[in-house]
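Engineer: Take a look and give me a structure for this.
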Amino acid sequence: MKKLLLLLLFSSLSAFPTGRLNLNIAVVNYDPVMENLPGSPRLHQATHWTDPTKMARDHVEWWNQASHGMVQCHIVAITNLNAWPAKSDGFRYTDESYWAIYTNGWKGGHKPDQFNYSTPFTEDVPWLLPMIENGQVDQVWMYTFPYSGSFETRMMGPGAYSCNSDGSAELGNSRLFMINFPSMERADTPMENFGHGCESVLAAWFWNSLLNYPGEVDTPYAKINDFALFTRAEANDPGNAHCGNVHFAPNSAGGYDWANSNYALSYADSWFSYPLLTNAPRLMNNAEWGMGVNHLHKNWWFQHMPQKVGLHNGHLMNWLTYYLNLNNASYPIGSDSPIVQTNVDLAGWFSFELFVPPGSTQVTFNVASGLPVEFGLRKNALPLFNRFNWWGANNAAFDFWQTNRSTAHTITLSSSQNFNQGLTGYWYCSFGRAFDKPEKRPVDSASSYTVSAEILPKPAAMAHVSVEVSAPAPNATVSGPVVPISWSPTSLPCGVRAFYLAYSANAEKGPWTDICEDYHYQLNSPYQWSVPAVTSDCARVRVIVEDVYGDRYTGYSAPFGLNTPCAPKPAGLLARIFALFGFSVR
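Structural biologist: Numbers count the residues shown, from 1 in each chain. This is a model prediction of the structure:
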């Protein structure tokens, strides 16, 4: 019986319905040639640190693992600089002066020890910013070393906000991007950098600046938001451990204690069934997250982060959208298709996008909320305004903003009022910040909102759209582990904003189980389906195509056979066995 339970437990965690996010990465290595040393080695060679180019390739694979294949990083440029990074006052070390502090310690190091975040883009790699602006680069991985003075991450651009350091608009770029600063000295820590950046960004959207580290309690506890609940650990919420945070595994007794072998009851598995959170808690220890290896713990943490499509309590259910899709982390809406969300903490931020087709003459946005909120509108990117003005992000990016909080906001765009940008294209609206700071929430801040848009003349649904599903092939027997799903929609002149893939083991009668749901993530045909452990002689695949207006069109494959044995994952097996045999919580 226990063997059966173990197999069922593994199979219940196997589905991760998500698409693909292709991230273009520029790698910049501050790795000067040490001409003061015999043989003139690069800095990483002289210090016996890790080759930063190798680190970057490792980090591509780590992101693949951390996101169940969702995040596909593509290194589009690698630059090895024979230069020392500039400090905030313009100072740069020389080979001799840096080697002196490397060999003798910080004594004699330059002050202020602060990185100059604009100089790389104005002097050292000036060609990089235009690549960011035209979309060739989405994120910069800038490899440095001890005493370079950089934070772990930095967000740059209009409306940039805190991501482990203050946001900055000093470069004058119009497209938000993030710089990550892994250290060549610590090859296993970059996922920690990424994790801290993600914590900060999610804290901004959920309006929880506390991050649930020990001694910091989100108030009021009864109304804790989803992100704060995700970060619960034994150290800061005994008996209610979930996934912890970047410094705390679920069973950690203190910071950086992800090698702890003691068992603690954790609800981490429940996040695979988000938003229902139905998977049962079980005993866990460091066998789950890599026995104390830093990047394995961070990969595990990211793997548990929700990766679904849709909205829950007002927020996107694919949280990595917020972190990695900075310029348009939003939910699509169609004309005359109101969206209503309840049980929303209106202290948070919420964002929506609307495609306006050619020939439109008027667009009206409406937001109604149960508590007074601010409201902003911008074309082609998210409107942002002073999201954390007490954290230093005082720059703004919007076409229209109402800072006076109100429970109803309406703005109509027309040929005479379109901020000189024309109506055609994507428009984004954001609203939220019902309170100045998280700790100023009332005892019950849960409320609701309704957001809607109207386009004139009204877009008409396409009458003759068909969705042809060509694979799996008719009467084939699918045995996995990976099988392509192929489809092709016809007659969608304005394009597709979402695909929804599902399968049924009982032909078209259902029930249907999600394979992949997607709108911001580039889901293309053929999609590589990780086939579940199911046996059926009349299975089908369903593909729903959603156009830019929100209209949906459905296609089905012909019946085929499924015959895939259950294959338990090895990671965490020992902990699962111990849990089934009833080991007690520490």
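
Engineer: Quick one: the helices in the stretch 1-150 of the chain, in order.
Structural biologist: 2-12, 43-46, 52-66, 95-104, 119, 128-133 (DSSP state H, counting those that start in this stretch).

Engineer: Looking at those, which is nearest to Ser148?
Structural biologist: Between Ser148 and the helices of the stretch 1-150 of the chain, the tightest spacing by CB to CB is seen for helix 95-104, at 9.7 Å. Using the backbone N, CA and C atoms, a C-beta is placed for each residue, glycine as well.

Engineer: thinking again about what came up before, make JSON lines out of the helices of the stretch 1-150 of the chain and add mean neighbour count and mean pLDDT.
Structural biologist: Converted to JSON lines, these look like this (neighbours: other CB atoms under 10 Å; pLDDT from 0 to 100):
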{"stretch": "helix 2-12", "mean neighbour count": "13", "mean pLDDT": "29"}
{"stretch": "helix 43-46", "mean neighbour count": "20", "mean pLDDT": "98"}
{"stretch": "helix 52-66", "mean neighbour count": "19", "mean pLDDT": "96"}
{"stretch": "helix 95-104", "mean neighbour count": "15", "mean pLDDT": "94"}
{"stretch": "helix 119", "mean neighbour count": "17", "mean pLDDT": "97"}
{"stretch": "helix 128-133", "mean neighbour count": "18", "mean pLDDT": "97"}
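
Engineer: out of the ones you listed, which comes closest to Cys538?
Structural biologist: With CB to CB as the yardstick, what comes closest out of these is helix 2-12 (20.3 Å).

Engineer: In terms of secondary structure, what does the longest strand along the chain contact?
Structural biologist: Longest strand of the chain, by residue count under DSSP state E: strand 362-379. Strand 362-379 sits against strand 349-356, strand 384-385, strand 400-414, strand 425-432, strand 446-456, with contacts defined as 3 or more CB pairs under 8 Å, 6 or more residues apart in numbering; DSSP states H and E.

Engineer: so where's the stretch 151-300 of the chain shaky on pLDDT?
Structural biologist: 208-223 (pLDDT under 70).

Engineer: which residues of the stretch 401-550 of the chain fall in strands?
Structural biologist: 425-432, 446-456, 467-471, 477-478, 482-489, 496-508, 513-518, 527-530, 535-547 (DSSP state E, counting those that start in this stretch).

Engineer: Which residues does the fourth one contact?
Structural biologist: In this structure, residues lying in contact with strand 477-478 by CB atoms under 8 Å, 6 or more residues apart in numbering are 472, 531, 539, 560-564.

Engineer: Buried only: go through the residues you listed for me.
Structural biologist: Neighbour counting with 16 or more other CB atoms under 10 Å marks 472, 531, 539, 560, 562, 564 as buried within the contacts of strand 477-478.

Engineer: Could you pull up the residues touching the first one?
Structural biologist: When the contact criterion is CB under 8 Å, 6+ apart, the partners of Pro472 are 478, 483, 485, 541, 557, 560.

Engineer: what do you get for the last one?
Structural biologist: Neighbour list for Thr564: 478-481, 531-535 [criterion: CB under 8 Å, 6+ apart].

Engineer: how far away is it from Val482?
Structural biologist: 11 Å (CB to CB, to the nearest Å).

Engineer: any shared contact partners between these two?
Structural biologist: Val531.

Engineer: I'd guess Phe194 is in a helix, am I close?
Structural biologist: Yes. According to DSSP: H, G, I helix; E, B strand; the rest coil, Phe194 belongs to a helix.

Engineer: which element is Val309 on?
Structural biologist: strand 307-312 (DSSP states H and E).
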